[in-house]
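A.B. asks: Starting from these lines, generate the structure:
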Amino acid sequence: MIGQDLLRDAVLRLKEASVEDPLRDARRLFAHALGIDASRLTMHLHDPVSEENCTKFQTLITRRVRREPVSHLTGTRAFYGRDFYVSADVLDPRPETETLIETALTVPFERVLDLGTGSGCVLATLLCEREDSHGLGTDISQAALSIAERNLSAHQVMGRTQLYAGRWYDALPSATAPFDLIVSNPPYIALNEMDTLAPEVRDFEPRIALTDEGDGLEAYRAIRRSAAQYLKHSGWLMVEIGPTQADAVMRLMQDAGLVNIAKLPDLDGRDRVIKAQNPSKIA
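C.D. replies: The predicted structure follows:
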């Protein structure tokens, strides 16, 4: 078949499946099937497609019709100008999380801790942006840590990183030195909100990375509880939040004795990051 005919049929199938942007997804998957960059796809639309590539593309479209995320089909997702490996074992990097990166880069840090590192996109990005920094990442999922290690290695920062399996701070070795910065994008979807999520998220991303099976605040309670213990004096804690959680998370930070608490919006103007500082030694 000719490329443009294959693409047209794929777009129609995706439209019928209520995929949000069928042309964009069809083009990305067609380029992936052909093994070319998506920017070069137009040059190949009038060419005949081999039976092997035709089958590969149609298989990808069938999986997308079932609402499997494009990133799972291609194996990568862009974040802060870099590509990261992803799978069903980790949360997809999202543009909203770039707000966490931007906020973190406003403060000085040499040692950073990423709690619930997942794909490692946050930790790897911070280490890439600050070449003199070192980091630790923790995650309860060993499968996620395998993806994180792959990403940290791909971006050549694994030599400045250590990864540990376990729940939040419990994963850290004893006598761990304090950090200048602690970051986290924890599970914050409340249980009663899960059914409202898009099928791509609800049915294909790891549930443990989405929800605490409760009110969506349990991770923040755990993270703030020991923050002062693991932060240097005047060090910063920064967490991503759901857009309705700012007031609740700020109160948790205040109750933990943290200071200079503030909320930051994402590019859509929704509350997205809470930052809080450990008091200085003098204070």
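A.B. asks: residue closest to the middle of this structure?
C.D. replies: Among the residues of the chain, residue 93 comes closest to the average C-alpha position under C-alpha atoms, centre = their mean, at 3.0 Å.
A.B. asks: Got phi/psi on the residue nearest to that residue when sequence neighbours are not counted?
C.D. replies: Sequence neighbours aside, residue 79 is the residue nearest to residue 93 in space, at 3.6 Å (criterion: C-beta to C-beta, 6 or more residues apart in numbering). C-betas here are computed from N, CA, C, even on glycine. For residue 79, the backbone dihedrals (degrees, to the nearest 10) come out as phi -150, psi 120.
A.B. asks: swap in the one 3 residues further on?
C.D. replies: Main-chain dihedrals, residue 82, degrees, to the nearest 10: phi -130, psi 150.
A.B. asks: can you tell me how far it sits from residue 155?
C.D. replies: 6 Å (C-beta to C-beta, to the nearest Å).
A.B. asks: Same check on residue 86?
C.D. replies: 14 Å.
A.B. asks: still on that earlier bit, what's the pLDDT at the residue nearest to the centre of the chain?
C.D. replies: Listed pLDDT for residue 93 reads 95.
A.B. asks: part of a helix, is it?
C.D. replies: No. Looking at residue 93 with DSSP: H, G, I helix; E, B strand; the rest coil, it is coil, so not inside a helix.
A.B. asks: Give me the helices and strands touching the strand or helix carrying residue 64, please.
C.D. replies: According to DSSP states H and E, residue 64 maps onto helix 51-65. Judged by 3 or more C-beta pairs under 8 Å, 6 or more residues apart in numbering; DSSP states H and E, the packing partners of helix 51-65 are helix 3-16, helix 22-34, helix 70-74.
A.B. asks: Which of these sits closest to residue 269?
C.D. replies: Closest of these to residue 269 is helix 22-34, at 23.9 Å (criterion: C-beta to C-beta).
A.B. asks: could you turn that closest one into PDB, dropping everything but the C-alphas?
C.D. replies: This file holds the C-alpha atoms of helix 22-34, laid out as PDB (Å, rounded to 0.1, in the frame of the first residue of the first chain):
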ATOM      1  CA  PRO A  22      -5.700  11.000  15.800                       C
ATOM      2  CA  LEU A  23      -3.500  12.600  13.000                       C
ATOM      3  CA  ARG A  24      -0.700  13.400  15.400                       C
ATOM      4  CA  ASP A  25      -0.700   9.900  16.900                       C
ATOM      5  CA  ALA A  26      -1.000   8.200  13.500                       C
ATOM      6  CA  ARG A  27       1.900  10.100  12.100                       C
ATOM      7  CA  ARG A  28       4.100   9.400  15.100                       C
ATOM      8  CA  LEU A  29       3.300   5.700  15.000                       C
ATOM      9  CA  PHE A  30       3.800   5.500  11.200                       C
ATOM     10  CA  ALA A  31       7.200   7.100  11.500                       C
ATOM     11  CA  HIS A  32       8.100   4.700  14.300                       C
ATOM     12  CA  ALA A  33       7.100   1.700  12.200                       C
ATOM     13  CA  LEU A  34       9.200   3.000   9.300                       C
END
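A.B. asks: List of residues touching it?
C.D. replies: 3, 6-7, 10-12, 14-15, 19, 37-38, 40-41, 44, 49, 53, 56-57, 60-61, 64, 70, 73-74 (C-beta atoms under 8 Å, 6 or more residues apart in numbering).
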